[in-house]
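Q: What follows is a predicted protein model with its sequence.
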Amino acid sequence: MDELLLASWDDRFWAWLIDVLLMVLIWHRLIQVLGIDPMQLDAALMLSGLLFVYWTALEGYRGQSLGKMLLDIVVVGSYGEALGFRDSAVQSFGKAFLLPLDLLIGLYAYREKRQRLFNRLSDSVVKRQDL
């Protein structure tokens, strides 16, 4: 089997930022319509929930969110296989709700595979898209 060409932390950050900005635009419109104060805990939980559903759906379906599509990276199983919805939900939970902890543990404990903690728990990696 060929070795996976892992995505850089930089590419992963930019893909994450694109996704977050897109979801913040949608979230902002939702809280305006619902009359929710953006500084309240329920608004923050709504944004995290929106990100969780977005990442779980897109990455579980095709391995890529919009940010990942733009940067030609994809989340896959550790052997390059497609990621299912269950594993997508596990790895999405970490970045939607616990990103600082998820990332710090990953940077120190799983540096060799460039995995966040929840990537490790879901047995997933982020790789460069096959061209």
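A: Received, thanks. Because the structure is a prediction, the values reported are computed rather than measured.
Q: per-residue confidence for Asp130?
A: For Asp130, the pLDDT comes out at 73.
Q: Help me confirm that it is found in a strand?
A: No - counting by DSSP: H, G, I helix; E, B strand; the rest coil, one finds Asp130 to be coil, located in no strand.
Q: Tell me how many other residues crowd it.
A: 10 (other C-beta atoms under 10 Å). In short, each C-beta sits where N, CA and C put it, glycine included.
Q: Equivalent analysis for Asp42, please.
A: 11.
Q: Check Leu45 too.
A: Neighbours around Leu45, by other C-beta under 10 Å: 11.
Q: ditto for the one 5 residues further on
A: Leu50 is flanked by 16 other residues according to other C-beta under 10 Å.
Q: from now on call the first residue 29
A: Sure, I'll start counting at 29 from here, so that last one is Leu78.
Q: Could you list the buried residues of the one helix or strand it maps to?
A: Per DSSP states H and E: Leu78 is located in helix 69-90. Within helix 69-90, the residues scored as buried using 16 or more other C-beta atoms under 10 Å are 71, 74-76, 78-80, 82-84, 86-88.
Q: For it, enumerate the helices and strands it packs against.
A: helix 37-62, helix 113-125 (3 or more C-beta pairs under 8 Å, 6 or more residues apart in numbering; DSSP states H and E).
Q: repeat that for 10 Å
A: On a contact count with 3 or more C-beta pairs under 10 Å, 6 or more residues apart in numbering; DSSP states H and E, helix 69-90 meets helix 37-62, helix 94-98, strand 101-105, helix 113-125.
Q: Quick one: work out the angle between that helix and helix 37-62.
A: 130 degrees (axes from the mean of the first three to the mean of the last three C-alpha atoms, to 10 degrees).
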